[in-house]
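Asker: Predicted structure and sequence below. I'll ask about it afterward.
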Amino acid sequence: MSRRTRSVLFAVAASTVALLATAGATAAEAPDLTTLGWRWPVDTLRIVEPYAAPPHAYGAGHRGVDLAMDGGEVRAPSEGIIAFAGPVAGRGVVTIDHGGGLVTTLEPVEPLAQAGSSVSRGDIVAARSEGGHTPPGVLHFGVRLAGEYINPMLLLGGVPRAVLLPCC
């Protein structure tokens, strides 16, 4: 295991423990978020920039996962209500409130859903756009639980297994 992988795993563990402590829970009481049935917001998955927990609330970090987009469709990772759909600091943003304290943010996008509308898991909520900190063709996928950013992979069970296809 590389030093970077160990650092990322430690950051995920530390942020989960901190979140549990804030909520007054113990690791034994932590819910298994992978049982919620979330899906990736893009159809073809390639992680460009992984989640990196900040050392404190105002510290540097990467509060989400950046995903390469082969297509132009951005999908709801789970059912919810569109809490916000519009521009923020020159880029399009869609925020979905999933209930239970879980909120996702997808950017940069061209919103296709309207604030206040209900969405189901897999519904198209936006189209690919440009702006913000991501390079062209990349989607930032952030998740907050009870107001604190968490690693989206905690809801998705990690990266899907690679499938090798015949080349010629």
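Answerer: Noted; the coordinates are in hand.
Asker: now Leu102: how far from Leu33?
Answerer: 8 Å (C-beta to C-beta, to the nearest Å). (C-beta placed from N, C-alpha, C; glycine too.)
Asker: okay, and the common contacts of those two?
Answerer: Residues touching both Leu102 and Leu33 (C-beta atoms under 8 Å, 6 or more residues apart in numbering) are Leu155.
Asker: For this structure, which element, helix or strand, carries the lowest mean pLDDT?
Answerer: Using mean pLDDT, DSSP states H and E, helix 3-22 stands out as the lowest-scoring helix or strand of the chain, at a mean of 39.
Asker: Extract the C-alpha set from stretch 57-66 and format it as PDB.
Answerer: Output in PDB follows, covering the C-alpha atoms of stretch 57-66 (Å, rounded to 0.1, in the frame of the first residue of the first chain):
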ATOM      1  CA  ALA A  57     -13.100  22.800   9.300                       C
ATOM      2  CA  TYR A  58     -11.200  25.600   7.500                       C
ATOM      3  CA  GLY A  59      -8.200  23.600   6.300                       C
ATOM      4  CA  ALA A  60      -7.100  22.700   2.800                       C
ATOM      5  CA  GLY A  61      -8.600  19.500   1.400                       C
ATOM      6  CA  HIS A  62     -10.700  18.100  -1.300                       C
ATOM      7  CA  ARG A  63     -14.300  17.900  -0.100                       C
ATOM      8  CA  GLY A  64     -15.600  15.500  -2.800                       C
ATOM      9  CA  VAL A  65     -14.600  13.300  -5.700                       C
ATOM     10  CA  ASP A  66     -13.800  14.600  -9.200                       C
END
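Asker: Could you pull up the mean pLDDT of it?
Answerer: Stretch 57-66 shows a mean pLDDT of 91.
Asker: Please name the spatially closest residue to Gly71 (chain neighbours excluded).
Answerer: Asp43 (5.8 Å; C-beta to C-beta, 6 or more residues apart in numbering).
Asker: can I assume that neighbour is in contact with Glu73?
Answerer: Yes - Asp43 is within contact range of Glu73, at 6.9 Å (criterion: C-beta atoms under 8 Å).
Asker: Who has more neighbours out of those two?
Answerer: For the pair Asp43 and Glu73, the greater number of neighbours falls to Glu73 (16 against 13), based on other C-beta atoms under 10 Å.
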